[in-house]
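J.: take a look and give me a structure for this.
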Amino acid sequence: MTDFVLDTHACIASLVAPKKLGSKAHRAMKNVEAGHGVAWVPAAVVAELVLLRELGRIGIGFSDIKTAMEQASGLRFLPLDLRQLDEFVALGAIRDAFDRLIVSASRALNAKLVTKDDNLQDLGLVQTIWS
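T.: Next up is the predicted model:
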């Protein structure tokens, strides 16, 4: 079984527009749906989704993500813990706090990061998948 960490964009796409996922990301989410993996949604992603909803940039909100996690056994919430914060401290080169927390979550779990973000892919700090 493979663990994946979803970044904010991947989480939104998975919930409302799965066809917008890259081919490898789409395949990974299909495997999660089939019970062959876990897709973790870090606390930072949930917080960013709330902020984006408040700014009117996305239509889904906290209740939508909660419902999705309740209905999909392979989609799980990842609370922020000390292991992630240890990684966060070590990743000072990542200036965006949300990106830094998301990469920290991926590193703490030794999970693949599902992200379209070229900057995160290019860092080489975690294994990423998208297209």
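
J.: ok, Gln127 to Val103 distance?
T.: 11 Å (CB to CB, to the nearest Å). Placement of C-beta: from N, CA and C, glycine included.

J.: which neighbours do the two have in common?
T.: Residues touching both Gln127 and Val103 (CB atoms under 8 Å, 6 or more residues apart in numbering): Leu113.

J.: who has more neighbours, those two?
T.: More crowded of Gln127 and Val103, by other CB atoms under 10 Å: Val103, with 28 against 12.

J.: quick one, grab the pLDDT at the more buried one.
T.: At Val103, the pLDDT value in this model is 98.

J.: tell me which element it falls in.
T.: Using DSSP states H and E, Val103 falls within helix 97-109.

J.: buried set for that helix?
T.: Neighbour-count burial for helix 97-109, counted by 16 or more other CB atoms under 10 Å, picks out 98-109.

J.: what's the first helix or strand after that helix?
T.: Heading C-terminal from helix 97-109 (DSSP H and E), you reach strand 112-114.

J.: contacts for the next helix or strand after that next one next, please.
T.: Remark: after strand 112-114, the chain's next helix or strand is helix 118-123, criterion DSSP H and E. Identification of contacts with helix 118-123 by CB under 8 Å, 6+ apart yields 7, 93-94, 99, 102-103, 113, 115, 126, 128, 130.

J.: please repeat the previous calculation with a cut-off of 6 Å.
T.: With contact meaning CB atoms under 6 Å, 6 or more residues apart in numbering, helix 118-123 is reached by Thr128.

J.: same thing with stretch 87-97?
T.: 100, 103-104, 107-108.

J.: as a whole number, average confidence for that stretch?
T.: Rounded mean pLDDT across stretch 87-97 is 96.

J.: now do the buried residues in it.
T.: Neighbour count says stretch 87-97 has 87-88, 91, 94 buried, by 16+ other CB under 10 Å.
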